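Q: Would you be able to build a 3D model of this:
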Amino acid sequence: MAEKPLDDTKTYPHMAHWFDPVLLLKLLNNVVVSSLFGQYADRRLIIAALDTVSPEEHTKRAKDFRSRLTTDKDGAVWIDWVADLGDGFDSTYAVASLLARKELKIGEVALPRGEALIMGGDEVYPKASREAYMNQLRQPYAWAAPDHDRKDDNGRPVLAIPGNHDWYDGLVLFLAYFCKEKPWHLGAWRSYQRRSYFAVQITETWWLWATDIQLADDMDQPQADYFKQIARSMPENSKIILCSAEPGWLYTDSNRKSWEIMEYAAGIALNAGRGHTIPVLLSGDTHHYSRYVGKDDRQYVTSGGGGAFLHPTHQLEQDVAVGFVDHREALKLGAISDHTDAKKSTAAAYPSFSTSKWLTLKNVLFAFTNWDFSLLMGAIYFLLSVLVSLRDRPDVYALIAAVFGASLIGYTIKQEVSTRFKIWFSSAIHAAAHVVVLIGAARYAIAFNNENFAWSGEWWEVWKWFGLLATEMVPVGFLIGSTLFGLNMLITCLLFRMNRNDAFSSLRIGAYNNFLRFRLTEDGFDMFVVGLESVPRRDDWVANPKHDKSKPNPEVPVFIPKVELKPHLIEKVQVRFPPRQPASAV
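A: As a prediction, this is how the structure comes out:
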């Protein structure tokens, strides 16, 4: 049996309530503090100053990684990618259970477990804390693949990229766990890296580069020097999987800095004069799966389905253009072929566009699914109605309009990182709806109370009158005010490609997970995209009778679902390369 009961919801939480007012204040504080002081206490610079090894040692570490990997009977190496995990325990553990299997069978396809696991960012939610790293990351993976010997530092390597949520504590805990000299035991996996960014050799010519973009700020000089050294030391014509914590190609209309950092890393590789290529760019951060195709069949892949709440896919553009080092690269959303009909195909996205749109409609029930936020709206409606009761004049109405307008327009601009007209227009309509409902309801309630309330001149009757107003206005704010908030997200998400994050974080959907399994050969690669449409509920996990606590076996998970997990293959991407000439000949 496990050391702790799985139904301990306090220790192993459900999906985060992102609209919980207390959590919102904590996250706001984290964002403000990390933004203000991150550049003055950049942990990347500190760890680079402490990790005082020669450039040759960096190269040796990168190349030694290959010795930890074994090939299959055809000489290929398999690696796994998972990103955006550690939100709800159930979804995180379900994905971890699939990653831990020695062989994953999906229909007639048998996929051997990756020789290494790459975690692509945001290893914990909603903020970095010791409890989150232990209970929402380490424990799920330790139960999925139990540690056979806590004294043995040999095991399957795990490498991690820090995301923005990992950075909210200044990267302190991420570095403490993933970058220490003695490997951290993540169940049967073992940490390997020494910095928050890294490069490792996988095969003779396949390499994986992972950048640390901090909070989409910059690439620090030690990191740039590190990758320049690696690029010079790699064999000619090496192929690179370039990883980042954010899919900058999806954020070109909002956060160009994110793409600029990734493009800079690509420039280091391509300008090294060694004939290196970048067949795959890989990221998480957006909690769905999508794939774009660029020049020379270059794959731009977003896979952030490791356990965090779902993001929509219907907002994806069919065509995207980015600057790629020395040219403008046109990206087109990939297609998944229909095996039953060769003429049919769907967008390379998971969940499908139609499913994504249907899920958005659930925001109709926003007031009830986010009851804690609705209580806040009720309190706001009551407090502002008190102002109307004290001074029922146009200047008070203007003040209320200014409060809603400034807060909602400012918040939306901050979220969308844009000042386009549709941002102002939709936010203004949203604010106006609140103003009309609040003032109308307040004036009606005040008039009704004044007409029906019997005053006797006692002082305590004032409190009784305001208590009566609260019983009238709090439900209005809870039901109507909060529903207006949900409808705004529903409409703007469906029609205007806005509120991608808020409209789905409010739903807290832990399903539609995904991860990647790569098969790398010298002449190309196969990428298997594994999906999991639903995950067990908390009470659907049961103790595995085959698990022996005294003799833990990495192949025997601690908990198993009552009903077998049903992973499916979203798509298989197969890319083969033409023979290349040596860089010196070119």
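
Q: ok, and for stretch 164-180, which residues are buried?
A: By neighbour count with 16 or more other Cβ atoms under 10 Å, stretch 164-180 contains the buried residues 164-171, 173-175, 177-179. Bear in mind the C-beta positions are built from the backbone N, C-alpha and C, glycine included.

Q: Kindly apply the preceding question to stretch 417-426 instead.
A: Burial within stretch 417-426, assessed by neighbour count using 16+ other Cβ under 10 Å, is assigned to Ser418, Ile423, Ser426.

Q: that's a helix at the last one, yeah?
A: Yes: secondary structure assignment (DSSP: H, G, I helix; E, B strand; the rest coil) places Ser426 inside a helix.

Q: Apart from its neighbours in sequence, what residue is nearest it?
A: Thr492 (5.2 Å; Cβ to Cβ, 6 or more residues apart in numbering).

Q: Return the distance of the helix or strand encompassing Tyr411 from the chain's centre.
A: With the criterion set as DSSP states H and E, the secondary-structure element containing Tyr411 is helix 394-416. Taking Cα atoms, centre = their mean, to the nearest Å, the mean C-alpha location of helix 394-416 is offset from the chain mean by 29 Å.

Q: do the same with stretch 53-64
A: Averaging C-alpha coordinates over stretch 53-64 and over its chain gives two centres that are 31 Å apart (Cα atoms, centre = their mean).

Q: same thing with stretch 149-163?
A: Averaged C-alpha coordinates place stretch 149-163 at 21 Å from its chain's average position (Cα atoms, centre = their mean).

Q: then it to CSV, C-alphas only?
A: Coordinates of each C-alpha in stretch 149-163 appear next as CSV, following Å, rounded to 0.1, in the frame of the first residue of the first chain:
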residue,chain,number,x,y,z
ASP,A,149,16.7,1.7,-4.6
ARG,A,150,16.8,5.2,-3.1
LYS,A,151,20.6,4.8,-2.7
ASP,A,152,21.2,4.0,-6.3
ASP,A,153,21.7,7.1,-8.5
ASN,A,154,21.5,5.2,-11.7
GLY,A,155,18.2,5.3,-13.5
ARG,A,156,16.4,6.6,-16.6
PRO,A,157,17.4,10.3,-17.0
VAL,A,158,14.9,13.1,-16.7
LEU,A,159,15.6,16.6,-17.9
ALA,A,160,13.4,19.6,-17.2
ILE,A,161,12.8,23.1,-18.7
PRO,A,162,11.6,25.8,-16.3
GLY,A,163,8.3,27.5,-17.2
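
Q: can you list the domain ranges for the protein.
A: Under automatic domain parsing, the residue ranges defining each domain of the chain are 21-359+515-576, 371-505.

Q: Straight-line length of the shortest one, end to end?
A: When you say that, I think you mean domain 371-505. The first and last residues of domain 371-505 sit 14 Å apart, counting by Cα to Cα, to the nearest Å.

Q: Check stretch 148-156 too.
A: The first and final residues of stretch 148-156 sit 12 Å from each other (Cα to Cα).

Q: avg pLDDT for it?
A: Averaged across stretch 148-156, pLDDT comes to 86.

Q: got it, and stretch 160-177?
A: 85.

Q: if we can go back for a sec, closest to Glu131 among the buried residues of stretch 417-426?
A: Within these, distances to Glu131 taken as Cβ to Cβ reach their minimum at Ser418, with 35.4 Å.

Q: any idea which helix or strand carries the closest one?
A: Assigning secondary structure by DSSP H and E places Ser418 outside every helix and strand.

Q: Grab the nearest non-local neighbour of Val437.
A: What sits nearest to Val437 in space, not counting adjacent residues and going by Cβ to Cβ, 6+ apart, is Ile480, at 5.4 Å.

Q: cool, and Asp80?
A: Gly114 (3.2 Å).

Q: so that neighbour is in which element?
A: Applying DSSP H and E as the criterion places Gly114 outside every helix and strand.

Q: who are the neighbours in contact with Leu333?
A: Residues near Leu333 by Cβ atoms under 8 Å, 6 or more residues apart in numbering: Ser290, Arg291, Tyr292, Val293, Leu316, Glu317, Gln318, Asp319, Ala347, Ala348, Ala349.

Q: for the third one, which residues make a bridge with it?
A: In this entry, Tyr292 is beta-bridged to Tyr300, Leu333, by DSSP bridges.

Q: Settle this for me: it is touching Leu331, isn't it.
A: Yes: judged on Cβ atoms under 8 Å, Tyr292 makes contact with Leu331 at a distance of 4.1 Å.

Q: what's the overlap in contacts for these two?
A: With Cβ under 8 Å, 6+ apart as the test, Tyr292 and Leu331 both reach Trp249, Tyr300, Val320.

Q: Tell me which stretches of the stretch 201-350 of the chain form helices.
A: In the stretch 201-350 of the chain, the segments counted as helices under DSSP state H, counting those that start in this stretch are 221-233, 256-270.

Q: Ala132: which of these is closest?
A: Proximity to Ala132, assessed across the helices of the stretch 201-350 of the chain by Cβ to Cβ, is greatest for helix 256-270 (24.0 Å).

Q: ok and the closest one relative to helix 221-233, angle-wise?
A: Angle of helix 256-270 versus helix 221-233, following axes from the mean of the first three to the mean of the last three Cα atoms, to 10 degrees, is 30 degrees.

Q: For helix 256-270, what is the distance to the chain centroid?
A: Relative to the centre of its chain, helix 256-270 is centred 20 Å away, using Cα atoms, centre = their mean.

Q: which helices and strands does that helix pack with?
A: Other elements packing on helix 256-270 under the criterion 3 or more Cβ pairs under 8 Å, 6 or more residues apart in numbering; DSSP states H and E are helix 221-233, strand 239-244, strand 277-283, strand 319-324.

Q: of the ones you listed, which approaches Ala431 most closely?
A: Ala431 lies closest, by Cβ to Cβ, to one member of these: strand 319-324, at 31.7 Å.

Q: ok, which stretches of the stretch 101-250 of the chain are strands?
A: 103-106, 109-112, 117-119, 156-160, 185-186, 189-191, 198-201, 206-210, 239-244 (DSSP state E, counting those that start in this stretch).

Q: quick one: the second one to chain centroid distance?
A: Here strand 109-112 shows a centroid-to-chain-centroid distance of 26 Å under the convention Cα atoms, centre = their mean.

Q: Number the chain from 23, please
A: Happy to do that; since the first residue is 23 now, the last one works out to strand 131-134.

Q: Just the CA coordinates for it, please, in CSV.
A: As requested, the backbone C-alpha atoms of strand 131-134 are provided in CSV (Å, rounded to 0.1, in the frame of the first residue of the first chain):
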residue,chain,number,x,y,z
VAL,A,131,1.1,-0.2,-32.3
ALA,A,132,3.6,-1.0,-29.6
LEU,A,133,5.7,1.9,-28.4
PRO,A,134,8.7,1.2,-26.2
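
Q: Which pLDDT value belongs to Pro27?
A: Predicted confidence (pLDDT) at Pro27: the value is 59.

Q: same deal with the one 5 residues further on?
A: Among the per-residue scores, Lys32 shows a pLDDT of 61.

Q: Just give me the neighbour total for Val557.
A: Val557 is flanked by 22 other residues according to other Cβ atoms under 10 Å.

Q: quick one: it and Pro589, what's the gap?
A: Using Cβ to Cβ, to the nearest Å, we find Val557 at a distance of 11 Å from Pro589.

Q: same deal with Ala533?
A: Between Ala533 and Pro589 the computed distance is 12 Å (Cβ to Cβ).

Q: Please apply the same query to Gln596.
A: Spatial separation of Gln596 from Pro589 under the definition Cβ to Cβ is 20 Å.

Q: now do His170
A: From His170 over to Pro589 the distance is 25 Å, taken as Cβ to Cβ.

Q: repeat for Ala454
A: With the distance defined as Cβ to Cβ, Ala454 ends up 47 Å from Pro589.

Q: and if you look at Phe507?
A: For Phe507, the distance to Pro589 under the criterion Cβ to Cβ works out to 35 Å.

Q: One more: Arg123?
A: In terms of Cβ to Cβ, Arg123 sits 9 Å off from Pro589.
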